[in-house]
Structures are given as C-alpha cells and as structure tokens.
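**Student:** Pasting the sequence and the predicted coordinates here, then a few questions.
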2 protein chains.
Amino acid sequence: MNGLLPAVIQDHTSGEVLMLGFVNAEALAATQRTGEMHFFSRSRNKLWKKGETSGHVLRVREIRTDCDLDALLVRVEAVGPGVCHEGYRSCFFRQIETDGTFTVVEERVFDAADVYGKKGDA
Amino acid sequence: MNGLLPAVIQDHTSGEVLMLGFVNAEALAATQRTGEMHFFSRSRNKLWKKGETSGHVLRVREIRTDCDLDALLVRVEAVGPGVCHEGYRSCFFRQIETDGTFTVVEERVFDAADVYGKKGDA
C-alpha cells in the first residue's frame, strides 16, 4: 500500500458512513494539526484537504485505528449538505443488486455543478 | 491496488463500523453467492470467509459502492459477540490521541483465546 492507510469517514452523530479515503503520514499529521480531514490523493499524487473547493470540510471528532493498525475510522462533523462530489450526503449512495446492477438508494441533496463547477473532487 | 477494493463492514442496525477488509472479484462473488462476507487476505494471499474459525460470520444485508466504484460499504448482521480477533465487538477499539498514543475505548466482550486458539484471524 506504499504507506497509505484506508480511512473510513463516519458521521459522529448519525453513524452514517460518508466516504472512504486514503491517508499517508503527512495527511494524518495535517489532520491532527488542523482538526480538519486531509487525505492523500492516489490519482493526483498529492495531499488534499476535503472541502478545499466546496467548503464541505470534515471536522474531526475522534480518530480510531483497528487491531492490525492498518486502517483508520475517523468520526467527524460534516460541514455542508453532503460530502460527495456527485451531490449526495454520502459517497455510498448506490446499492449493488444481486444481478450486479446498481440502484441509487439515497436522495441527491445539492447541485454538484453549483458547488464544484467542473473540478469535481473536493 | 491489484484488483483489491477496501470493504467497510457496518452493523446494519447500530451503524457501528466493525472492521475493514479487502475484497477481490472472487471474494465479492463468494459473498454474493453465499450471503456471508468473504475477504481476500493480503497477508495470506487467499480467499477467506469471516467466521471460518470462530463462527462469527457476517450475514450480508446490503452491499453499496461509492461514487468512484473503488470502495464498498457492506451492511451486515454480525453473528456472535464481536468481530475482532482480539475479543472486541469492533476492530476499531483504539482511539489515537493527539500526542500519538492509543487509548482503548471499547469493552472486551469475549475471550479471544477461547474462540480462536492460537490461530487468530477469522
């Protein structure tokens, strides 16, 4: 995994799983220092702060690690209507059916084009 | 990621995040076919069913995928007192403090040695 750990982002009040991202040591340190969630982008190969474009930052309430120390669970207060760049509250808005097709099971809560323009990932 | 996707395992009633594992296409197919969660073990390089040693299987209620189709959220009914091979309900039983130390924030709910003997990971 090249020093990257998966980080599960969970709403600290509702328990909803909002997204999953990856962190390296630098992203974890920036998260701890600022109290706002930072990730390492595998596609762009750089540190990024969730919400740097949208303002939909994740305020960290608690960081947990698992038994094998190879994953994080970060409980957050999510600022704004949703975390997903497609306009949903959670990135996990699609169910996989037994036949392999997808069904959207959440309501869209904001207009992604208004928030992100054409940039689309923070 | 060599065809592996992180899969977040969440209790379907409480919303508690229980563990994170990785799946490949074979593990996902086995999960869908049997209704019980299967993972691909990166350390042992093979398919395994959660609960194959302990009986603490994860009955799948719903499988979701995220916007980028690179992570899964699996909502489950967890059979048994806990999923963690260290005897906790969730593998995320440790909090990372701001000074980098760990604090155990969950109660141990079963005796791992009784359940797993010396094998220790299912």
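**Tutor:** Cool, got the structure. Since the model is a prediction, treat every value here as computed from it, not as a measurement.
**Student:** Distance of residue A:70 relative to chain B?
**Tutor:** Relative to chain B, residue A:70 is positioned 8 Å away (Cβ to the nearest Cβ, to the nearest Å). Where C-beta positions appear, they are placed from N, C-alpha and C, glycine not excepted.
**Student:** Skipping its backbone neighbours, what lies nearest that residue in space?
**Tutor:** Distances taken as Cβ to Cβ, 6 or more residues apart in numbering or on different chains put residue A:5 closest to residue A:70, at 6.2 Å, once the chain neighbours are dropped.
**Student:** What pLDDT is listed against that neighbour?
**Tutor:** Looking at residue A:5, its pLDDT is 97.
**Student:** Quick check: residue A:103 vs residue A:111, distance?
**Tutor:** As judged by Cβ to Cβ, to the nearest Å, residue A:103 and residue A:111 stand 22 Å apart.
**Student:** OK, contacts around the residue nearest to residue A:70?
**Tutor:** Going by Cβ atoms under 8 Å, 6 or more residues apart in numbering or on different chains, residue A:5 touches A:22-24, A:28, A:70-72.
**Student:** Switch the residues you listed over to JSON lines; also include secondary structure, pLDDT and neighbour count.
**Tutor:** Shown next, in JSON lines, are the contacts of residue A:5 (DSSP: H, G, I helix; E, B strand; the rest coil; pLDDT from 0 to 100; neighbours: other Cβ atoms under 10 Å in any protein chain shown):
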{"residue": "A:22", "secondary structure": "strand", "pLDDT": "97", "neighbour count": "20"}
{"residue": "A:23", "secondary structure": "strand", "pLDDT": "98", "neighbour count": "23"}
{"residue": "A:24", "secondary structure": "coil", "pLDDT": "97", "neighbour count": "17"}
{"residue": "A:28", "secondary structure": "helix", "pLDDT": "96", "neighbour count": "21"}
{"residue": "A:70", "secondary structure": "coil", "pLDDT": "94", "neighbour count": "15"}
{"residue": "A:71", "secondary structure": "coil", "pLDDT": "98", "neighbour count": "23"}
{"residue": "A:72", "secondary structure": "strand", "pLDDT": "98", "neighbour count": "23"}
